[in-house]
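S.K.: my questions are about this predicted structure, shown below with the sequence.
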Amino acid sequence: MRSAAGAASHNNTKHKPTMTKTLKLGCIADDFTGATDLANNLVRSGMRVVQTIGVPTASLAADVDAVVVALKSRTIPAADAIAQSLDALKWLQAQGAEQIYFKYCSTFDSTPEGNIGPVTEALMDALGTDFTIATPAFPDNGRTVFKGYLFAGNVLLNESGMQNHPLTPMTDANLVRVMQAQTKRKVGLIDYKTVAQGEAAIRERIAALRAEGVGVAVVDATSNEDLHRLGPALKGMPVVTAGSGVAIGLPANFGLKPSLQASQLPVARGLQAVVSGSCSLATNAQVANFKATGRPAMAINPAALMNGQSSAVVQQVLAWAEPLLKDGPVLVYSTAEPEAVKAVQAQLGVAEAGALVEHALAAVARGLVDLGVKQLVVAGGETSGACVQALDIAQLQIGPQIDPGVPWCHAPSENGGVHITLKSGNFGTEDFFSKAFGVLR
Ligand code: ADP
């Protein structure tokens, strides 16, 4: 929490930063839940990881192997994305990062102008390097790259629904072409045959591409084995650009192996609660599952928040929760079926409805923490952003995975901090809301 970051900064004025010979990987992620996804993969491969919300103002207080700086730079103007990424780079360099990892989406979300190409180029320039790789491959999540073409599940990227994305429509699955449109550097390919032969062949191919003047090489990978073969060839490369998949092959370069220690968080204490603003299919099932366990659940009706009634509703919800919390987790949710969501959106407008609900749920999260909740599950990407902001969280230590892509995190503060997990819409099994607390125990 900010108070902790403030305390760290205060300490650092007295003592030289304890930082750190151990910051091996400095990561820059172009969105918030993507940052957590990367951090989760690094932790599972043996690194102790902190995720920061934006570029910190103070030095890093924790002793960790990697830091993931979470930006929101995916769809902002390229010049702004470059500026923010370079700020992050500067901070990571000041913390002693040995290698930089630029993380983007596993569906290579970008427009013809960027921001993947321009940010890659700017990082290369700043680091004075003439070569890097680019691959969004994440086989665990069905994202594979073959002959330079990106597949999402069994279909090419441009047939996967991503061609209709409202902000970053992906109409070409050929990543060499897509990347070439975004960068002045020459783009090449390290194909599956080379990757299959392992480190020496990959290094040889990199040398050949460099000799041809190639600055960025898309890399094929269709399995985790491919990513583990790629990893050693990336040792010493100043900047790597990728989705979260490549991360599984990097910790070994620093002598790290998967270990339970990497995901160790402070012991969890305090009351438990779930706040859910996601309306995805998976989250609807998770809400139903939690209610079926008999635990208390309170729905927030967006219409009730209108006309300045939000604060009153939040107070009602907190008054309801307060006496129940001592007996176990409670759920507060706005999660609803698509027809109900559409009706509310028709009444309020899509953006207004979203903002109204996010604001109310964030205030509920804040209120619950003030009531002593120290283990908090939040469902929904945007909802998570709003809650993290309302809780004034600046830094998250990444802990054990609950389900793929969703780890527990710990936000330190003077009063012991909060354990929090941020579940994006479609992640997690049906019993996620109950199961999550079991993982902390
Ligand atoms: P997901 O990860 O599933 O996309 P998000 O939190 O990112 O979830 O997005 C859900 C959006 O829907 C948020 O803006 C939230 O405020 C809004 N929302 C939540 N509940 C409702 C509802 N009942 N009616 C309308 N909008 C809602």
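M.R.: Happy to help now that I have it.
S.K.: nearest to the ligand: which residue in the stretch 151-300 of the chain?
M.R.: Nearest residue of the stretch 151-300 of the chain to the ligand: Ser278, at 3.2 Å (CB to the nearest ligand atom). All C-beta atoms are positioned from the backbone trio N, CA, C, and that covers glycine.
S.K.: so that residue makes contact with Gly428?
M.R.: No: here Ser278 lies out of contact with Gly428, judged by CB atoms under 8 Å, at a distance of 9.9 Å.
S.K.: quick one: the helices in the stretch 151-300 of the chain?
M.R.: 175-180, 192-197, 199-211, 224-233, 281-292 (DSSP state H, counting those that start in this stretch).
S.K.: by proximity to the ligand, which residue of the stretch 251-400 of the chain wins?
M.R.: Gly380 (2.4 Å).
S.K.: near the ligand, which residues of the chain show up?
M.R.: Contact residues, the chain versus the ligand (CB under 6 Å from any ligand atom): 277-280, 283, 302, 334, 336, 340-341, 344-345, 353-354, 357-358, 380-383, 424-425.
S.K.: please enumerate the shared neighbours of Ser278 and Gly428.
M.R.: Ala379 (CB atoms under 8 Å, 6 or more residues apart in numbering).
S.K.: what sits closest to the residue of the stretch 151-300 of the chain closest to the ligand if chain neighbours are left out?
M.R.: Gly380 (3.4 Å; CB to CB, 6 or more residues apart in numbering).
S.K.: next one: Asp109
M.R.: Thr168 (4.2 Å).
S.K.: the longest strand along the chain pairs with which strands?
M.R.: Ranked by residue count and defined by DSSP state E, the top strand of the chain is strand 395-403. According to DSSP bridges, strand 395-403 forms sheet pairs with strand 49-53 (antiparallel), strand 406-411 (antiparallel).
S.K.: what about that strand, average pLDDT?
M.R.: Strand 395-403 carries an average pLDDT of 94.
S.K.: what do you get for stretch 38-47?
M.R.: Computed over stretch 38-47, the average pLDDT equals 96.
S.K.: now it: how far from the chain's centre is it?
M.R.: Centroid separation for stretch 38-47 versus its chain: 12 Å, with CA atoms, centre = their mean, to the nearest Å.
S.K.: number the residues from 417 up from this point.
M.R.: Fine by me, first position is 417 from now on; the one you just mentioned is stretch 454-463.
S.K.: just the CA coordinates for that stretch, please, in CSV.
M.R.: Backbone C-alpha positions of stretch 454-463 (Å, rounded to 0.1, in the frame of the first residue of the first chain) are rendered in CSV as follows:
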residue,chain,number,x,y,z
LEU,A,454,3.6,-12.8,-16.3
ALA,A,455,4.4,-12.5,-12.6
ASN,A,456,2.6,-15.8,-11.9
ASN,A,457,4.6,-17.6,-14.6
LEU,A,458,7.9,-16.3,-13.2
VAL,A,459,7.0,-17.3,-9.6
ARG,A,460,6.0,-20.8,-10.8
SER,A,461,9.5,-21.1,-12.4
GLY,A,462,11.3,-20.1,-9.2
MET,A,463,11.5,-16.3,-9.1
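S.K.: and it, what's buried?
M.R.: Leu454, Ala455, Asn456, Asn457, Leu458, Val459, Arg460, Ser461, Gly462, Met463 (16 or more other CB atoms under 10 Å).
S.K.: ditto for stretch 648-667
M.R.: Here stretch 648-667 shows 648-650, 653-667 as buried, counting by 16+ other CB under 10 Å.
S.K.: now stretch 671-685
M.R.: So for stretch 671-685, counting by 16+ other CB under 10 Å, buried means Leu672, Ala678, Ser679, Leu681, Ala684.
S.K.: do the same with stretch 548-563
M.R.: 548-557, 559-561.
S.K.: stretch 594-614 too?
M.R.: By 16+ other CB under 10 Å, the buried positions in stretch 594-614 come out as 594-596, 598-599, 601, 603-608, 610-611, 614.
S.K.: contacts for it, please.
M.R.: Outside stretch 594-614, the residues that reach it (CB under 8 Å, 6+ apart) are 524, 526, 528-530, 532-534, 536-537, 540, 549-550, 562-564, 586, 588, 592, 617-618, 621-622, 625, 628-638, 642, 645-646, 648.
S.K.: still on that earlier bit, can you tell me which of the buried residues of stretch 454-463 end up in helices?
M.R.: Leu454, Ala455, Asn456, Asn457, Leu458, Val459, Arg460 (DSSP state H).
S.K.: export those residues to JSON lines and append columns for distance to Arg711.
M.R.: Below are these laid out as JSON lines (distance: CB to CB, whole Å):
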{"residue": "Leu454", "distance to Arg711": "32"}
{"residue": "Ala455", "distance to Arg711": "29"}
{"residue": "Asn456", "distance to Arg711": "26"}
{"residue": "Asn457", "distance to Arg711": "31"}
{"residue": "Leu458", "distance to Arg711": "33"}
{"residue": "Val459", "distance to Arg711": "29"}
{"residue": "Arg460", "distance to Arg711": "29"}
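S.K.: quick one, domains of the protein?
M.R.: 420-674, 680-856 (automatic domain parsing).
S.K.: hmm, back to that, for the residue of the stretch 567-716 of the chain closest to the ligand, give me the backbone phi and psi.
M.R.: Backbone torsions of Ser694, given as degrees, to the nearest 10, read phi -80, psi 140.
S.K.: ok, the residue of the stretch 667-816 of the chain closest to the ligand - contacts?
M.R.: With CB under 8 Å, 6+ apart, Gly796 has these contacts: Ser692, Gly693, Ser694, Cys695, Ser696, Thr699, Lys839, Ser840, Gly841.
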